[in-house]
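**Student:** Predicted coordinates and the sequence they were generated for:
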Amino acid sequence: MTHTAALPRRLLSEFVGSGLLVTVVVGSGIAAAQLSPNDVGLQLLENSTATVFGLAVLILLFGPVSGAHFNPVVTASDWLLGRRAGTGIRSGDALAYAAAQITGAIAGSWLANLMFDRSVFEIATKDRITTGHLVGEVVATAGLIALIFALARTGRAALSAAAVGAYIGAAYWFTSSTSFANPAVTIGRMFSDTFAGIAPGSVPGFIGAQIIGAAVGLALIATLFPDIAADADDVVVPHEDLSDTV
């Protein structure tokens, strides 16, 4: 199945979707810290619950236009798997998707800061680099990639909103890193010095771990489903015919 919506519309979808995803993550983190200032566990519960529902809704909203990648490693995986079968996203489009996702994520942090009357332009100071955190990011990203492409391969991509939301919600708790699993979101969260922020010095390590995790997830899914390339373009949500008519 090919992408049929015009590229500018798909890029707008990825920009706004990625931005709103980070707004959900950062905004709910700020709200959680204000509502439960003395209970970090409750803060994480509030943050993760908002993220689960927010991500599921955003996939449903933007999936029919762009596939609702919102994540450069998902886009890169779609491109890499699709190369073998002539499906998947094209190279130039993949780069444009990544740029839209990253810029949208940064804008999403700014929007969250603005909504909660913080300085719009700020840099996070929360250092998250430990060996455990990096291993957590490998695990979180590998699981996410494997889930998305397993659903596509088995004709269940329509379940992605619920399944991906549920996985990320669970991974908030079972990974030490709280499951960023997304280079764009990682970069975006650098621009809010709040509960959900990440210091610039931690970002390269997290992104490196996410790339490794994506490779692990791809290796697993290619082994389990050798003909996965034929279905690569159904990620994350199968696209309807949304081509321009005028």
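**Tutor:** Looks like it came in fine.
**Student:** Every contact and neighbour count from this point should use C-alpha atoms.
**Tutor:** Fine.
**Student:** Could you list the low-pLDDT ranges of this structure?
**Tutor:** 1-4, 84-87, 228-246 (pLDDT under 70).
**Student:** so how far is residue 168 from the residue nearest the centre of the chain?
**Tutor:** Nearest residue to the geometric centre of the chain (C-alpha atoms, centre = their mean): residue 71, 4.1 Å. Computed with C-alpha to C-alpha, to the nearest Å, the distance linking residue 71 and residue 168 is 13 Å.
**Student:** Same question for residue 146.
**Tutor:** 13 Å.
**Student:** Give me the buried stretch members for the top helix by length along the chain, please.
**Tutor:** Among the elements of the chain assigned as helix by DSSP state H, the one spanning the most residues is helix 7-35. For helix 7-35, a neighbour-count test (16 or more other C-alpha atoms under 10 Å) marks 7, 10-33 as buried.
**Student:** Just the angle for the helix or strand following it relative to helix 7-35, thanks.
**Tutor:** For helix 7-35, the succeeding helix or strand toward the C-terminus, using DSSP states H and E, is helix 40-66. With axes from the mean of the first three to the mean of the last three C-alpha atoms, to 10 degrees applied, the angle from helix 40-66 to helix 7-35 works out at 170 degrees.
**Student:** Show me how far helix 40-66 is from its chain's centre.
**Tutor:** 10 Å (C-alpha atoms, centre = their mean, to the nearest Å).
**Student:** After it, which helix or strand is next? Please name it.
**Tutor:** Next helix or strand after helix 40-66 toward the C-terminus (DSSP H and E): helix 72-82.
**Student:** C-terminal to that following helix, what's the next element?
**Tutor:** Immediately after helix 72-82, counting by DSSP H and E, sits helix 91-115.
**Student:** And for that following helix, what's in contact with it?
**Tutor:** Identification of contacts with helix 91-115 by C-alpha atoms under 8 Å, 6 or more residues apart in numbering yields 7, 11-12, 14-24, 26-27, 70-72, 75-76, 79, 119-121, 183-185, 187-189, 191-192.
**Student:** tell me which residues in the next helix or strand after that helix are buried?
**Tutor:** Under the assignment DSSP H and E, the closest C-terminal helix or strand after helix 91-115 is helix 131-153. For helix 131-153, the neighbour count (16+ other C-alpha under 10 Å) marks 133-153 as buried.
**Student:** what's the spacing between the residue nearest to the centre of the chain and residue 150?
**Tutor:** From residue 71 to residue 150 the distance is 17 Å (C-alpha to C-alpha).
**Student:** With residue 14 instead?
**Tutor:** 22 Å.
**Student:** Same question for residue 106.
**Tutor:** 30 Å.
**Student:** Residue 179: what secondary structure?
**Tutor:** Using DSSP: H, G, I helix; E, B strand; the rest coil, the three-state assignment for residue 179 comes out as coil.
**Student:** List phi and psi for it.
**Tutor:** Taking degrees, to the nearest 10, you get phi 60, psi 70 for the backbone angles of residue 179.
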